[in-house]
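Novice: would you be able to build a 3D model of this:
(one chain, ligands or ions: 2)
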Amino acid sequence: MKILAIETSCDETSAAVTENGRKILSNVISSQIPIHAKFNGVVPELASRAHIRNVNVVIESALKQAKINFNNFSDNIDYICCTYGPGLAGSLLVGIMAAKTLSYIYNKPLVGVNHIEGHMFSAVIENKSLKPPFLSVIISGGHTELVIVDDYGKYQFLGGTRDDACGEAFDKVAKILGLSYPGGPVIDKLADLGNPKAVNFTRPLLKGSWDFSFSGIKTAVLNYSKKADINNKQVVNDICAGFRQAVAETLVYKAFEAVDKYSLTSVALGGGVSCNSLIRKMFKERAAKNKVKIFIPSPVFCTDNAAMIAAAAYYKISNKSYKINNQISPKPSLGLENW
Ligand code: KG4
Ligand code: ZN
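Specialist: Ligands and ions are numbered 1, 2, ... in the order given. The predicted model follows:
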């Protein structure tokens, strides 16, 4: 089964062609970072305009890499899928319209995919052995969620962030420190040069709840930075190291509390923050200690990409109780739903 997937929920225009869920024939990603960097965050209207400029080029390029063109499309593509939420309304609309147009022209079924499910299934792409049940830890610019995947399309939502998403906190802390956007990668790099014990930020553990809260630690960085000399590179490196350490410890603590409580044996990470070197290391170490299997996607599948959307679509299509409905519209606040 060959799927053409389109992802435009935020600031990456991406298209992929996959075969049977895991074989990636192409996964083209066009990033808008240079457009949004000067605003220290994604500007929705600029994002939709850039998607409009990019979407056809990206789709054509993904098809070309998969040795498909608009003449042999019908014989080679079985399904078209696209992200329909959550995300920015205008951005989602561009991908949906492109997918609907191709679905209409070539008379192919259209599958709408939840962006969060895409992140959840990104770990499946490279790991045949990852099968439900597992704990999914979604840490991205817009989400921080702990979800038990009982089966494909059967979820138990444990908790999410009460304020800033994990990646959002990285981006805001970077802004406070005068660093570039997106903040996650740059903080990760500078933290390697700092001392994680130099500044001890409180770990927002919220014991007794599965929720997260990252705005307190962001404010703690702000207050600390007002008194510290942030023109001194070592001071900034130490703040980055202390912040990264606190976030990583919080995530590991919460995730493995859930693993223990629900007797889970596998954990999968997803979302852009799972590119973080310390988070990857600490999850691997803790999983080894607890004899739990850990699945962390390669960085290209952690950040927004269409291959992960195709992976989720593959399981939806393969699930007999899921009914395909070509009538898809943008759902900016879409939550996780069972199929
Ligand atoms: O999943 P993603 O590409 O987009 C959303 O769905 O939000 O995640 C983007 C987020 C940004 O906040 C970015 O700063 C963060 O992922 N990020 C990182 C790292 N690389 C990307 N955060 C921490 N450490 C990193 N190495
Ligand atoms: Zn995402």
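Novice: mind listing the helices for this structure?
Specialist: 33-37, 44-65, 73-76, 89-106, 115-126, 166-176, 183-191, 215-227, 233-261, 277-289, 299-302, 306-318 (DSSP state H).
Novice: mind putting the ones you listed into TSV with distance to ligand 2, mean neighbour count and mean pLDDT?
Specialist: Any C-beta I mention is one placed from the backbone N, CA and C, and that applies to glycine too. Converted to TSV, the helices of the chain look like this (distance: least, Cβ to the ion, whole Å; neighbours: other Cβ atoms under 10 Å; pLDDT from 0 to 100):
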stretch	distance to ligand 2	mean neighbour count	mean pLDDT
helix 33-37	14	14	93
helix 44-65	13	19	97
helix 73-76	27	14	97
helix 89-106	12	20	98
helix 115-126	6	27	96
helix 166-176	9	24	96
helix 183-191	12	21	98
helix 215-227	20	16	95
helix 233-261	16	20	97
helix 277-289	16	16	98
helix 299-302	9	19	97
helix 306-318	9	27	96
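Novice: got a list of what residue 164 touches?
Specialist: 172, 213, 214, 215, 218 (Cβ atoms under 8 Å, 6 or more residues apart in numbering).
Novice: which non-adjacent residue is nearest the most centrally placed residue in the chain?
Specialist: For the chain, residue 271 is the residue whose C-alpha lies nearest the centre (Cα atoms, centre = their mean; 2.5 Å). Leaving aside its chain neighbours, residue 271 sits nearest to residue 140 (3.1 Å; criterion: Cβ to Cβ, 6 or more residues apart in numbering).
Novice: what about the one you found, neighbour count?
Specialist: Residue 140 is flanked by 24 other residues according to other Cβ atoms under 10 Å.
Novice: is it true that it touches residue 272?
Specialist: Yes: at 5.0 Å, residue 140 counts as touching residue 272 under the criterion of Cβ atoms under 8 Å.
Novice: list the contacts for the residue in the stretch 1-150 of the chain that ligand 2 sits nearest to?
Specialist: Nearest residue of the stretch 1-150 of the chain to ligand 2, counting by Cβ to the ion: residue 140, 4.3 Å away. Applying Cβ under 8 Å, 6+ apart to residue 140 gives the contacts 119, 165, 166, 167, 270, 271, 272, 273, 304.
Novice: what do you get for residue 249?
Specialist: Residue 249 touches 203, 282, counting by Cβ under 8 Å, 6+ apart.
Novice: how is the chain divided into domains?
Specialist: Domain segmentation of the chain under automatic domain parsing yields 2-120+301-318, 131-296.
Novice: what's the span of the first one, first residue to last?
Specialist: If I follow you right, that is domain 2-120+301-318. 12 Å (Cα to Cα, to the nearest Å).
Novice: the last one too?
Specialist: Domain 131-296 stretches 14 Å from its first residue to its last (Cα to Cα).
Novice: what's stretch 57-72 in contact with?
Specialist: 2, 4, 6, 13-17, 25-30, 73, 76-77, 98, 102, 306.
Novice: how does it look with 7 Å?
Specialist: In this structure, residues lying in contact with stretch 57-72 by Cβ atoms under 7 Å, 6 or more residues apart in numbering are 6, 13-17, 25-26, 28, 30, 76-77, 98.
Novice: near ligand 1, which residues of the stretch 151-300 of the chain?
Specialist: 167, 170-171, 182-185, 188, 271-273, 275-276 (Cβ under 6 Å from any ligand atom).
Novice: cool, and the stretch 1-150 of the chain?
Specialist: For the stretch 1-150 of the chain, the residues in contact with ligand 1 (Cβ under 6 Å from any ligand atom) are 10, 140, 141, 142.
Novice: hmm, residue 89 and the first one touching each other?
Specialist: No: checked against Cβ atoms under 7 Å, the pair residue 10 and residue 89 is beyond contact range at 11.4 Å.
Novice: surely residue 251 touches residue 278?
Specialist: No: under the criterion of Cβ under 7 Å, residue 251 makes no contact with residue 278, lying 10.0 Å away.
Novice: can I get the helices of the chain in TSV including distance to residue 326?
Specialist: Listed next are those as TSV, based on distance: least, Cβ to Cβ, whole Å:
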stretch	distance to residue 326
helix 33-37	32
helix 44-65	18
helix 73-76	16
helix 89-106	6
helix 115-126	19
helix 166-176	32
helix 183-191	36
helix 215-227	40
helix 233-261	37
helix 277-289	39
helix 299-302	27
helix 306-318	13
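Novice: closest to residue 135 out of the ones you listed?
Specialist: Closest of these to residue 135 is helix 233-261, at 5.6 Å (criterion: Cβ to Cβ).
Novice: what residues are up against the residue in the stretch 1-150 of the chain that ligand 1 sits nearest to?
Specialist: Ranked by Cβ to the nearest ligand atom, the top residue of the stretch 1-150 of the chain for proximity to ligand 1 is residue 141, at 2.7 Å. Neighbouring residues of residue 141 by Cβ under 7 Å, 6+ apart: 165, 167, 168, 171, 272.
Novice: once you drop chain neighbours, what's closest to residue 315?
Specialist: residue 152 is the one closest to residue 315 (Cβ to Cβ, 6+ apart), at 4.1 Å.
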